[in-house]
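Asks: how does the following fold in three dimensions:
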Amino acid sequence: MKTTHIEFERYYQQIRSRQKRDAVCWSLLLLALYFAAGSAAEFNLLTIWHSLPHFLDYMAETIPPLSAGNLFADVQTKGSLAWWGYRLPIQLPLIWETLQLALASTLVAVAIATVFAFLAANNAWSPAPVRFAIRVLVAFLRTMPELAWAVIFVMAFGIGAIPGFLALMLHTVGSLTKLFYEAVESAQNKPVRGLAACGASPLQKIRFALWPQVKPLFLSYGFMRLEINFRSSTILGLVGAGGIGQELMTNIKLDRYDQVSITLLLIILVVSALDMLSGRLRLWVLEGKK
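Replies: Okay, the predicted model is just below:
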């Protein structure tokens, strides 16, 4: 018994020693990569530290001068909530437009990515040239950032919601197709073999063996991408792709600091609500919980 305990202690110390050595090696490697990348990108923490007061000063200017005594006064009274939110009739429709933009682009992209995923997966019986072509296409789509797509489409279609929709949709197709076909390739093969033994066609194998396994992942990725697309559509508005981002950019350019803060507050509230709603929808769809 004593010998076994000694052997266990020796083995435990060896494991601990190896873990410490690995931790030190990885820490040194990450530190070296940090300094190398920082040097190449001219990144300097001291510069950020010295610039931090300017950032805080700007954020302080965005705080509206609300007055407790005039909080519920009319829109003409400085310091009231109505005075702070005098542009809400303009901003709320833009928030709604941004949400519609994110929802439309996500729905179309999920439909396209679902088809592409089964054509690109190695275990879904599509020809090798088709798999290769789709993988190359979606790699190109997700390599181009949404902002770059938006700039291209703004030049082609002009300022508005169409460039934002196309930019988000194309990038989402590229991102979701990769996630989807990896999920298909990770599916269990036993149901597929069982259906194959019964003489099922490739489409029947997808419908009855693969789809039930990957549907929860597809839905989770779709909901996650909806949240991402709302945030991205806000950024795309900065380059004229429609939505609340254009309002934010206008307020920044015109130094309307109080309106910058209320625009950011609206974006934060909608993102938080969307996060909670998508979580509930995910539980409802996947587990039947309300």
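Asks: show me where the stretch 151-290 of the chain has its helices.
Replies: Ranges of helices within the stretch 151-290 of the chain are 161-185, 190-197, 202-205, 211-236, 244-253, 257-287, based on DSSP state H, counting those that start in this stretch.
Asks: now the ones you listed as CSV including distance to Ala121, mean pLDDT and mean neighbour count?
Replies: Every residue, glycine included, has its C-beta placed from N, CA and C. Output for the helices of the stretch 151-290 of the chain, formatted as CSV (distance: least, CB to CB, whole Å; pLDDT from 0 to 100; neighbours: other CB atoms under 10 Å):
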stretch, distance to Ala121, mean pLDDT, mean neighbour count
helix 161-185, 4, 92, 23
helix 190-197, 12, 78, 14
helix 202-205, 11, 79, 14
helix 211-236, 9, 86, 20
helix 244-253, 36, 84, 20
helix 257-287, 21, 83, 15
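Asks: need those helices in CSV (columns: distance to Ser17).
Replies: Putting these into CSV (distance: least, CB to CB, whole Å) gives the following:
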stretch, distance to Ser17
helix 161-185, 37
helix 190-197, 42
helix 202-205, 50
helix 211-236, 40
helix 244-253, 53
helix 257-287, 43
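Asks: to Glu7, which of those lies closest?
Replies: Proximity to Glu7 (CB to CB) singles out helix 190-197 among these, at 41.0 Å.
Asks: distance from the chain centre to the closest one, please.
Replies: Centroid separation for helix 190-197 versus its chain: 36 Å, with CA atoms, centre = their mean, to the nearest Å.
Asks: export that helix as CSV, just CAs?
Replies: This file holds the C-alpha atoms of helix 190-197, laid out as CSV (Å, rounded to 0.1, in the frame of the first residue of the first chain):
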residue,chain,number,x,y,z
LYS,A,190,-24.8,4.6,-38.1
PRO,A,191,-28.2,5.9,-39.1
VAL,A,192,-26.8,6.5,-42.6
ARG,A,193,-25.6,2.9,-42.9
GLY,A,194,-28.9,1.6,-41.6
LEU,A,195,-30.9,3.5,-44.3
ALA,A,196,-28.3,2.5,-46.9
ALA,A,197,-29.0,-1.2,-46.0
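Asks: break this protein down into its domains, please.
Replies: When the chain is parsed with automatic domain parsing, its domains come out as 1-42, 90-287.
Asks: same question for stretch 16-24, mean pLDDT?
Replies: Mean pLDDT, stretch 16-24: 85.
Asks: re earlier: of all the domains of the chain, which one is nearest His54?
Replies: Per CB to CB, nearest to His54 of the domains of the chain: domain 90-287, 14.1 Å.
Asks: pull the number of nearby residues for the closest residue to Val151 other than its chain neighbours.
Replies: What sits nearest to Val151 in space, not counting adjacent residues and going by CB to CB, 6 or more residues apart in numbering, is Val239, at 5.6 Å. When counting by other CB atoms under 10 Å, one arrives at 20 neighbours for Val239.
Asks: now Val239: how far from Ile95?
Replies: Per CB to CB, to the nearest Å, Val239 is found 18 Å from Ile95.
Asks: Val270 now?
Replies: Separation of Val270 from Ile95 (CB to CB): 6 Å.
Asks: for the helices of the stretch 151-290 of the chain, which one sits closest to Leu107?
Replies: helix 211-236 (8.4 Å).
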